[in-house]
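> have a look at this prediction, sequence included:
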Amino acid sequence: MRIGLGAGYWSAGPPEGIERQLELAAEAGLESLWTAEAYGSDALTPLSWWGSRESAGGMRLGTSVCQMSARTPTALAMAALTLDHLSGGKMVLGIGASGPQVVEGWYGQPYPRPLERTREYVDIMRAVWRREEPVTYSGRHYQLPYDGGAGLGKPLRSTVHPLRADIPVLLGAEGPKNVALAAEIADGWIPLWFSPKADEFYRAALADGFGRDGARHTSLETFEVASMMWIVEDDDVDRAASHLRPAIALYAGGMGAKSANFHKDVFVRMGWGETVDELQSLYLSGRASDAIAAVPTAMVEDVALIGPAEKIIEDFEQKWRPTCLSTLILHGVPQGPNATRILDALRA
């Protein structure tokens, strides 16, 4: 099991203490650093800035995730090959389709047919990195050269020779069709709110993708599954759960449109359908604090390691280690009295 540090995306401003977190991550032997973006901070600038720190030396640098609608495929391919050069081949490019509220409301791009758009996007990036010939593409969503406009576009090839022609691409995905697509065309999958209860469901979706003609990978042996992991050590389990109730209430209840919240669907598949209906009703009616209070401790335990160190280690060994996960992206380096012991148990 590989362990990384997740810096996520910013809230009102840059997160406090990230430099110290990087130092702690280096001391603890964490092997990767991951950033994200929503509709505020971007993922690539912080990753390159923090990734240049001496404390991040040797760490893989991953995005979890870059939103596809934020950049054209060639623009993201350029950014990835640039950062791959600067980091000495440490770039891991996580991408995702996001949701219709952000794609259409923030980026002004159409959302329909996200799986088809993802397939085209990855095809174009890989053509840029291979640099075998000027890039041309004729798809439903992307055309190179552009079909229209001034009519003067010409096929181009990157002036920069990529350090690697096979920069790893991981797909952020939550639904079964998107997870299967990750297994078919990508080098890894980035779940959000993963639960051991859903492991069999996700393994079936991954197997679907691995079994398709032309699949890039055929099994989990060569495929990375990198999931955010929250660890809260506290002798009081309910108190530990309170650290995560706001995030779960926001994602399951307050994000996306009422009819299109993919995070909510994840919790529904875990068996929390009635609960997340209540969370959504509360959150979308302006009662966020009530939604937070309504998140059950057991719901938090489904997606995080919380409680005393002994419980955290036991839950991980019995529930989490047997799953399809291969990389844990920690939301902060554990700093409790048993932090070293917990980290050693995760890596063992």
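It's in.
> which residues touch Glu317?
Contacts here follow CB atoms under 8 Å, 6 or more residues apart in numbering; on that basis Glu317 touches Ala345. C-betas here are computed from N, CA, C, even on glycine.
> does it count as helix, strand or coil?
The three-state label for Glu317, taken from DSSP: H, G, I helix; E, B strand; the rest coil, comes out as helix.
> same deal with Leu152?
Of the three states, Leu152 takes coil according to three-state DSSP.
> now Ile306
Applying three-state DSSP to Ile306 yields a three-state assignment of strand.
> please name the nearest non-neighbouring residue to it.
Ranked by CB to CB, 6 or more residues apart in numbering and with sequence neighbours excluded, the top spatial neighbour of Ile306 is Ala240, at 3.8 Å.
> before we move on, which element is that neighbour in?
Per DSSP states H and E, Ala240 falls inside helix 237-242.
> do the same with Glu120
Assigned by DSSP H and E, Glu120 falls within helix 114-130.
> would you give the sheet partners of the next helix or strand after that helix, along with the direction of each?
Along the chain past helix 114-130, the next helix or strand (assigned with DSSP H and E) turns out to be strand 137-138. Strand pairing for strand 137-138, using DSSP bridges, gives strand 143-144 (antiparallel).
> partner strands of whichever helix or strand comes after the strand it pairs with, parallel or antiparallel?
Using DSSP H and E, the helix or strand that follows strand 143-144 towards the C-terminus is strand 169-172. Partners of strand 169-172 in the sheet, by DSSP bridges, are strand 91-96 (parallel), strand 188-190 (parallel).
> any weak-confidence spans in the stretch 151-300 of the chain?
Along the stretch 151-300 of the chain, the model assigns pLDDT under 70 to no residue.
> try it again at 80.
Residue ranges of the stretch 151-300 of the chain with pLDDT under 80: 256-260.
> now the helices: where do they sit in the stretch 1-150 of the chain?
For the stretch 1-150 of the chain, applying DSSP state H, counting those that start in this stretch gives helices covering 18-28, 44-51, 73-86, 100-105, 114-130.
> so which of those gets nearest Gly151?
Among the helices of the stretch 1-150 of the chain, helix 73-86 comes nearest to Gly151, with 19.0 Å by CB to CB.
> elements contacting that closest one?
Where contact means 3 or more CB pairs under 8 Å, 6 or more residues apart in numbering; DSSP states H and E, helix 73-86 is packed against helix 44-51, strand 91-96, helix 114-130.
> now do the contacts for the residue nearest the centre of the chain.
When CA atoms, centre = their mean is applied to the chain, the residue found nearest the centroid is Ser64 (3.5 Å). Counting by CB under 8 Å, 6+ apart, Ser64 makes contact with Gly6, Trp34, Thr35, Ala36, Ala43, Gly94, Leu170, Gly172, Ile190, Ala226, Met228, Ile329.
> how about the helices in the stretch 201-348 of the chain?
Assigned by DSSP H, counting those that start in this stretch, the helices in the stretch 201-348 of the chain fall at 237-242, 245-249, 262-269, 273-284, 288-293, 297-303, 309-315, 339-347.
> against which helices or strands is the first one packed?
Based on contacts counted as 3+ CB pairs under 8 Å, 6+ apart, the elements that helix 237-242 packs against are strand 224-233, helix 297-303, strand 304-307.
> who's in contact with the helix holding Ala240?
Val232, Glu233, Asp234, Val295, Thr297, Val300, Glu301, Ile306, Gly307, Pro308, Lys311.
> can I get it as PDB, trimmed to CA atoms?
What follows is helix 237-242, C-alpha atoms only, in PDB (Å, rounded to 0.1, in the frame of the first residue of the first chain):
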ATOM      1  CA  VAL A 237     -15.400   7.800  18.100                       C
ATOM      2  CA  ASP A 238     -18.300  10.200  17.900                       C
ATOM      3  CA  ARG A 239     -16.000  13.100  18.500                       C
ATOM      4  CA  ALA A 240     -13.700  11.800  15.800                       C
ATOM      5  CA  ALA A 241     -16.700  11.500  13.400                       C
ATOM      6  CA  SER A 242     -17.500  15.200  14.000                       C
END
